[in-house]
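Colleague: how would this look folded up:
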Amino acid sequence: MIRYILAIVLLAPNIVSGQQSSHNGAPKFAPEDGKKLIIVGQDLGAVGGLNTYTDGYVDYIMGIPAGVTTYTSIPSLSGLKSMVNYGSGDVHAGAYLVDNTFDNSAIVIGLYIVNQLDNINSGNTDESIVDLANWIKNAARPVFLRIGYEFDGPWNGYDPEKFKAAWIYIVKKFDANEVRNVAFVWQSAGINTANIERWYPGDQYVNWLAYSHFDGPNPGQSIRNFANLHNKPIMIAEATPRVDLKDGSGDTYWENWYSPLFSSIYANDKIKALAYINANWDSQSMWNGQGWGDSRIQVNEAVKTKWEAELAGDNWIFGDESLFDKMEFQKWQDSIYVYSIPANVENELLYFQNSDGIVFRSKNHENIDALNLFDIAGKVIYQSSGKSSEYTLLVNNLLPNSVLFARAIIAGKSLSFKILLD
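Modeller: Now for the predicted structure:
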């Protein structure tokens, strides 16, 4: 049964091709509704589970996380191929690729580009961008790239127009290098800045939205609202309670911060990932004395017990052998999108199901000049030959709950629409 009957999005005749990395802003690597990725960071000691880092999250808490967070910057790429420490813990993304503990975990990279927007946009950092693109490509696993994370944080000073241009420039460089295992994440500081769309590079260049969740009133509401308007999955990309878990009541900490955090996650199906910062902030010179405390779950038995009980629920996805299948990793690796640019709503195309399959028919019985259908990863599954007022697609090989995307050309107008099979 077809759930939707009318397709009403008119597309301009110009075509966007070669979006091999952003896949036209599709929800890459997003698990199904109700499921959430648990991600941990943000330095090697905080994560643990490595031969030389044995006092972190993985060494005490059940389950290998579905992802680990790390950081690098343009143009130096420090912390990518070799270890660096700027006073906030040892950082080395490559360490996770060579240790089999994390063979089934995604990598979540925060890309620092402060004071580099002009250099990026002028091409001065091309070598660094291509180097990063190739590193991600060779990682051969899902990688989330948070370009200019916390873009609206006044401490970063990102000019909105230059930021958007730099984002698009980086994405196009990734396209040119055929990097398909990356999802681009647009991360707010979570402070509900007015008019955050000023920094938004456009739906076709963004796969996920994200925000930081620390203290303060209702963090991330502006991003949750934005996600509803733009139909994007959400990652809580940085989360920490700003307390010292070594001292005080774990039950109180849980009720005051952790419980509301999980409640907000379960209340919103668009939130599909949580990245927790499991760090002893006060031991790091960059953060000492700023009130961040010690957020290591393992140092508070009450918090640890409640955390493990929470993650034991059916909602949470870990870094096991089924993870990449749940993220449909191979499908995105194999696919290339070729989509049109949305213009406005104007025309209609009817489609319905009968005993033969899905029937496509122009509303006014005009000839359909062309009809192409794609699966969710952009792979062509049907391509018409010749003009006709009606086409029929056999559905024998399509799975229930499949999502299809179609493009039809009628009287010189390009129409695009989505079909959801029951």
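Colleague: helices of the stretch 301-422 of the chain, residue ranges please.
Modeller: With helices called from DSSP state H, counting those that start in this stretch, the stretch 301-422 of the chain shows them at 301-311, 323-326, 329-334.
Colleague: residue 165: which of those helices is closest?
Modeller: With Cβ to Cβ as the measure, helix 329-334 is the member of these nearest residue 165 (25.8 Å). Every C-beta, even on glycine, is put in place using the N, C-alpha and C of the backbone.
Colleague: so what touches that closest one?
Modeller: 23, 28-29, 141-142, 180-181, 324, 375-377, 379 (Cβ atoms under 8 Å, 6 or more residues apart in numbering).
Colleague: go on, stretch 145-158?
Modeller: With contacts defined as Cβ under 8 Å, 6+ apart, stretch 145-158 is touched by 108-115, 117, 136, 163, 166-167, 170, 182-189, 191, 193, 196, 199, 210, 212, 237-238.
Colleague: so where is this protein shaky, pLDDT-wise?
Modeller: Within the chain, the stretches falling below the threshold (pLDDT under 70) are 1-18, 335-357, 362-365, 376-378, 394-403, 412, 417, 419-422.
Colleague: what ranges do the helices span in it?
Modeller: Assignment of helices within the chain using DSSP state H yields the ranges 44-47, 94-98, 117-121, 126-139, 160-176, 221-230, 250-253, 259-266, 301-311, 323-326, 329-334.
Colleague: would you mark the buried spots in stretch 42-60?
Modeller: Judged by neighbour count using 16 or more other Cβ atoms under 10 Å, the buried positions of stretch 42-60 are 42-50, 53, 56-58, 60.
Colleague: typo on my end, it should be stretch 407-417
Modeller: By neighbour count, with 16+ other Cβ under 10 Å as the criterion, the buried positions of stretch 407-417 are 407-410, 413-417.
Colleague: same check, this time on stretch 246-259
Modeller: Burial within stretch 246-259, assessed by neighbour count using 16+ other Cβ under 10 Å, is assigned to 250, 253-254, 257-258.
Colleague: for stretch 58-70, same thing?
Modeller: Buried residues in stretch 58-70, defined by neighbour count with 16+ other Cβ under 10 Å: 58, 60-61, 63-70.
Colleague: out of the residues you listed, who's nearest residue 313?
Modeller: Nearest to residue 313, judged by Cβ to Cβ, of the buried residues of stretch 58-70 is residue 63 at 11.9 Å.
Colleague: enumerate every residue touching the closest one.
Modeller: 38, 311, 316, 318-319.
Colleague: next, format those as a markdown table and append neighbour count and distance to residue 104.
Modeller: Rendered in a markdown table, the data for these read as follows (neighbours: other Cβ atoms under 10 Å; distance: Cβ to Cβ, whole Å):
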| residue | neighbour count | distance to residue 104 |
| --- | --- | --- |
| 38 | 22 | 13 |
| 311 | 19 | 16 |
| 316 | 18 | 15 |
| 318 | 17 | 8 |
| 319 | 24 | 4 |
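Colleague: among the residues you listed, which one lies nearest to residue 279?
Modeller: residue 38 (16.1 Å).
Colleague: what sits opposite the closest one in the beta ladder?
Modeller: In this structure, residue 38 has the following beta-bridge partners (DSSP bridges): residue 274.
Colleague: thought it was touching residue 311?
Modeller: Yes: between residue 38 and residue 311 there is a contact at 6.1 Å, judged by Cβ atoms under 8 Å.
Colleague: I'd say residue 390 and residue 361 touch.
Modeller: Yes: at 4.7 Å, residue 390 and residue 361 qualify as touching, with contact defined as Cβ under 8 Å.
Colleague: those two - which one has more neighbours?
Modeller: residue 361 (17 against 13; other Cβ atoms under 10 Å).
Colleague: any idea how far residue 280 is from residue 260?
Modeller: From residue 280 across to residue 260, the span is 23 Å (Cβ to Cβ, to the nearest Å).
Colleague: more neighbours: which of those two?
Modeller: Here residue 280 and residue 260 are set side by side on neighbour count (other Cβ under 10 Å), and the busier one is residue 280, at 23 against 13.
Colleague: surely that one meets residue 296?
Modeller: Yes: shown here, residue 280 and residue 296 form a contact pair, counting by Cβ under 8 Å, at 5.7 Å.
Colleague: who touches both of these two?
Modeller: Between them, residue 280 and residue 296 share these contacting residues under Cβ under 8 Å, 6+ apart: residue 46.
Colleague: mind giving me the domain split of this protein?
Modeller: With automatic domain parsing as the criterion, the domains of the chain are listed as 6-17+336-420, 23-327.
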